[in-house]
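Undergrad: For reference, the sequence and a predicted model appear below.
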Amino acid sequence: MRVEKLSELGISNALKALNNETVSPWTIEDNKLTKLFQFKDFQHAFGFMTMSALYVEKKNHHPEWSNLYNKVKVQLTTHEAGGVSEKDFDLAKRMDRFAG
Ligand SMILES: C[C@H](O)[C@H](O)[C@H]1CNC2=NC(N)=NC(=O)C2=N1
């Protein structure tokens, strides 16, 4: 199925909805949907990454991410759309749940 890059307004509206319930916000950085997750320790960070890994494989939609002890920096974009799409917002929502 074809996915489309969201417009500036589409991204701005989706960001408001996404950040509505969360403490630390998602932002757009390097044209990617970006968030720095912070956990209690490495075990919690890696648990989050494991849950996310199983989900993203199932969806075939993968994050760019890096881990340093209790922190996981996540950046989401859709290569085939050439920007941020609904797929990234769907994954962002899931990751917020996995983290919570
Ligand atoms: C060949 C494979 O289906 C594609 O490369 C998939 C894999 N994972 C992906 N992940 C992300 N974030 N964007 C994509 O466009 C994408 N495409």
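TA: Right, received. Where do you want to start?

Undergrad: Around the ligand, pick out the residues from the chain.
TA: 60, 61, 62, 77, 78, 79, 80 (CB under 6 Å from any ligand atom). Placement of C-beta: from N, CA and C, glycine included.

Undergrad: from these, which two are the most distant?
TA: The largest separation in the residues of the chain next to the ligand, counting by CB to CB, is between 60 and 77 at 14.5 Å.

Undergrad: Could you check which of those two has the larger neighbour count?
TA: Each of residue 60 and residue 77 has its neighbours counted (other CB atoms under 10 Å); residue 77 has more, 19 against 7.

Undergrad: The nearest residue to that one once chain neighbours are set aside: neighbour count?
TA: Nearest non-adjacent residue to residue 77, counting by CB to CB, 6 or more residues apart in numbering: residue 32, 4.5 Å away. Residues within reach of residue 32, counting by other CB under 10 Å, total 17.

Undergrad: wait, what's in contact with residue 32?
TA: 64, 75, 76, 77, 84, 88 (CB atoms under 8 Å, 6 or more residues apart in numbering).

Undergrad: cutoff 10 Å now
TA: Listed by CB atoms under 10 Å, 6 or more residues apart in numbering, the contact partners of residue 32 are 63, 64, 74, 75, 76, 77, 78, 83, 84, 88.

Undergrad: Right, I'll call it a day here.
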